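1. attaching a predicted model along with its sequence, questions to come.
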There are 2 protein chains.
Amino acid sequence: MENATGNAQESQLKLSNFLCFAIYSTANAVTRAYQPRLAALGLTYPQYLVMVVLWEQENQTVKAIGDKLSLDSGTLTPLLKRLETAGLITRRRNTVDERQVLIGLTNEGRKMRERAEAVPVAMGQAFGCSMDEAQSLRSELITMRDNLVASIGETK
Amino acid sequence: MENATGNAQESQLKLSNFLCFAIYSTANAVTRAYQPRLAALGLTYPQYLVMVVLWEQENQTVKAIGDKLSLDSGTLTPLLKRLETAGLITRRRNTVDERQVLIGLTNEGRKMRERAEAVPVAMGQAFGCSMDEAQSLRSELITMRDNLVASIGETK
DNA sequence: ACACATTAGATTGCACACAATTTAATTGTG
DNA sequence: CACAATTAAATTGTGTGCAATCTAATGTGT
């Protein structure tokens, strides 16, 4: 920075810039790295995340899936429709509360889980770090994410 | 491979899942957290990144900007056209090499830099971590990103 | 019971990301 | 010099993300 005065604020300004960009560009790289490994399953990375959530527990509402993935219905509704068209999930209204749509797995969707087991194994190698490093990095990111989410509320 | 395999496969499988999701969801949170702070400038987060690159150096090719942000012309061309329509940048063919498009700043785009100085300061607080933490987290992410990028090449 | 607020999803509109393809300009090689 | 290979942008098509809005169903307070 050509007009730098060397004060702390100036360098922090750049630092926070680079941290956010490190997160942003790494996230893009994650999606790109998953793509060839998910191609065999015919899934995108966000679709894969939804399937992981459903493999852990079937018959969740769109809202519940959205809470777990921090995605809203504007993102999930079309994504879920594509998974339904692909024959992997079912969508049906909850008879108890007609506002809700319950997302379930088809036999094909349930069966895909076995083939999907290989994906995280390959990705673990792609990340190229130890489990301890991954664990600590993960917890640092979650902390930061929660800080960011909290800061958004303060701007409203 | 430095990762444990065998019966540890189950936990590693989950672990790498959660790490990638931590990156993914934190990146989404970054974009959402920037949004209210960039609204005053009328910029999106990716547009802001492009402006930061141009504030550091004017008259870069689309390719050079793409290399710095890891974005291709399919993303940048429409984004740059929006910045041009907003009166912030200029686009002109390089007379030396007619394949290239040089991106410059308008006076308005140059002037926006002053107002933009407040953004990273506010975001530094939103991240809620020390400069040391941010610095180490940043370098860990960059290392992992480079590992991921390298792994993509191996799948081709 | 009834007006009002709240909630869950769907829809619309806009802006990325990125693969794949196309076009035009430049470079490398014989 | 010729011409194939390479390069830089633009274009096309698909799939997210998310704000804003809409509809329908549920909750609530008096």
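-> Alright, I've got the coordinates. Numbers count the residues shown, from 1 in each chain, chains lettered A, B, ... in the order given.
2. tell me which element residue A:71 falls in.
-> Assigned by DSSP states H and E, residue A:71 falls within no helix or strand.
3. ok, it - contacts?
-> Residue A:71 makes contacts with A:46, A:65, as judged by C-beta atoms under 8 Å, 6 or more residues apart in numbering or on different chains. Any C-beta I mention is one placed from the backbone N, CA and C, and that applies to glycine too.
4. so what does it have for phi and psi?
-> phi -130, psi 150 (degrees, to the nearest 10).
5. okay, it: pLDDT?
-> pLDDT, residue A:71: 97.
6. and if you look at residue A:125?
-> On pLDDT, residue A:125 comes in at 89.
7. what is the burial count for it?
-> Residue crowding around residue A:125 was assessed by other C-beta atoms under 10 Å in any protein chain shown; the count is 18.
8. would it count as being in a strand?
-> No: going by DSSP: H, G, I helix; E, B strand; the rest coil, the assignment for residue A:125 is helix, not a strand.
9. would you confirm that it contacts residue B:151?
-> Yes: the pair residue A:125 / residue B:151 is scored as a contact, 7.4 Å apart, by C-beta atoms under 8 Å.
10. the helix or strand where residue A:22 lies: what's the following helix or strand?
-> Taking DSSP H and E as the definition, one finds residue A:22 inside helix A:8-38. Proceeding N to C from helix A:8-38, the next assigned helix or strand is helix A:45-56, under DSSP H and E.
11. and the residue lying closest to residue A:126 once chain neighbours are set aside, which of the three is it?
-> Take residue A:126 and drop its neighbours on the chain: the residue closest to it by C-beta to C-beta, 6 or more residues apart in numbering or on different chains is residue B:151, 3.6 Å away. Following three-state DSSP, we place residue B:151 in the helix state.
12. quick one: low-confidence parts of chain A?
-> Along chain A, segments meeting pLDDT under 70 span A:1-17, A:155-156.
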